[in-house]
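# Let's see this in three dimensions:
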Amino acid sequence: MYGRRSQSRSTGLFLILCASMLLLAMLSEQSWAAPARGVAKSAIAPLEAAMTQVAANVDHVMSGFGDVSALRAENQRLKAADEALRRQVVELNAAAKENATLRQALDFERSFGHRMVAAQVVGRGPDGFSRTLQIDRGTADGVQPGMIVTTGAGLVGRVREAGPHGAIVQTLGDPQSRVNVFLSKSGLQGTVTGGPAALQLEVEHSFGVAALSGEWALTSGVGGGYPRGLVVGELASVTHRASATTDQALIAWVNDPAGISLVLVITDFAPS
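As a prediction, the model looks like this:
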């Protein structure tokens, strides 16, 4: 508001000065005004210089307004372009991740030798305790309760409920899950159970052999609940207890339920 008033005052002063100069020019053409002409010129000279400076200031201010407007427009254009580029990067990263997941799943299906149905994860359990996933395949696609669910990385869990076009998967993170496994280096066997924080492994003792961090836990097939050879996870830590018949270990699960977007349901394995 203050800027507008200042600009209005400068413009009014400029117009008054112009009118004064025009009037003085007309009067100075009269012969009787010759003696005063020199005096007038001397008096007007500072005024003329001031008026010229005012005009220059007005032009500078108006030019500044134009520059600010152009800068704002350019800033808005660059901001919109930056947002568009960020969105494209996010979309490309998501597409690349999905493509990598699909390739991993296809490679796993070919190497594992079982018939499978691919399904998208469309929902997750309402709480962190149950650790369930909802998928978009059901009985109409050959998915039945009890079937094993995996990703290209390893075991996820099993189908708990199935409808015509969707199913609920109970993941290994559920406290009620149990998986018999063997360790890749030591050959020791044990049972993996779920929990709210991490997968836990109870390892059976064997004379002269101990479980070590860094070993991989794979499904053993013992008990007939899961096919043999599915990767469960890596031993993150082992607690040895000389007075007990078992050791306790924590498993770094190969699947993160929060990050799973595609699963494979094994349709030709019937748990016993």
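# Now do stretch 117-126: everything it contacts.
105, 131-137, 141-143, 166-167, 257-258, 260-265, 267 (C-beta atoms under 8 Å, 6 or more residues apart in numbering). In short, each C-beta sits where N, CA and C put it, glycine included.
# Just the element for residue 74, please.
Here residue 74, judged by DSSP states H and E, is contained in helix 34-112.
# quick one, helices of the protein?
Secondary structure of the chain by DSSP state H: the helices cover 2-28, 34-112.
# Could you tell me the least trusted of the ones you listed?
Among these, helix 2-28 has the lowest mean pLDDT, at a mean of 55.
# Could you chop the chain up by domain?
As assigned by automatic domain parsing, the chain contains the domains 1-112, 113-171, 178-254.
# and the end-to-end length of the last one?
It refers to domain 178-254. 16 Å (C-alpha to C-alpha, to the nearest Å).
# same thing with the shortest one?
Separation of the first and last residues of domain 113-171 by C-alpha to C-alpha is 22 Å.
# Let me see the mean pLDDT of it.
The average pLDDT within domain 113-171 is 90.
# Thought residue 266 was touching residue 116, still the case?
Yes. Residue 116 is within contact range of residue 266, at 5.5 Å (criterion: C-beta atoms under 8 Å).
# List the residues that are in contact with both of those two.
Joint contacts of residue 116 and residue 266 (C-beta under 8 Å, 6+ apart) are residue 150.
# before we move on, the earlier item: among the contacts of stretch 117-126, the buried ones, what's the ChimeraX command?
One line in ChimeraX is enough to select the buried members of the contacts of stretch 117-126, burial here meaning 16 or more other C-beta atoms under 10 Å:
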select :105,131,132,133,134,135,137,141,143,166,167,257,260,262,263,264,265,267
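# List the buried residues for stretch 245-259?
So, applying 16+ other C-beta under 10 Å, buried residues of stretch 245-259: 247-255, 257.
# got JSON lines for these, with pLDDT and distance to residue 207 too?
Converted to JSON lines, those look like this (pLDDT from 0 to 100; distance: C-beta to C-beta, whole Å):
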{"residue": "247", "pLDDT": "88", "distance to residue 207": "13"}
{"residue": "248", "pLDDT": "91", "distance to residue 207": "19"}
{"residue": "249", "pLDDT": "93", "distance to residue 207": "19"}
{"residue": "250", "pLDDT": "94", "distance to residue 207": "24"}
{"residue": "251", "pLDDT": "94", "distance to residue 207": "24"}
{"residue": "252", "pLDDT": "93", "distance to residue 207": "28"}
{"residue": "253", "pLDDT": "92", "distance to residue 207": "30"}
{"residue": "254", "pLDDT": "91", "distance to residue 207": "30"}
{"residue": "255", "pLDDT": "89", "distance to residue 207": "34"}
{"residue": "257", "pLDDT": "81", "distance to residue 207": "37"}
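# Among the residues you listed, find me the one that's closest to residue 239.
Nearest to residue 239 among the buried residues of stretch 245-259 is residue 248, at 4.5 Å by C-beta to C-beta.
# separation between the nearest residue to the closest one once chain neighbours are set aside and residue 202?
Using C-beta to C-beta, 6 or more residues apart in numbering and skipping residues adjacent in sequence, the residue nearest residue 248 is residue 239, 4.5 Å away. Distance from residue 239 to residue 202, counting by C-beta to C-beta, to the nearest Å: 11 Å.
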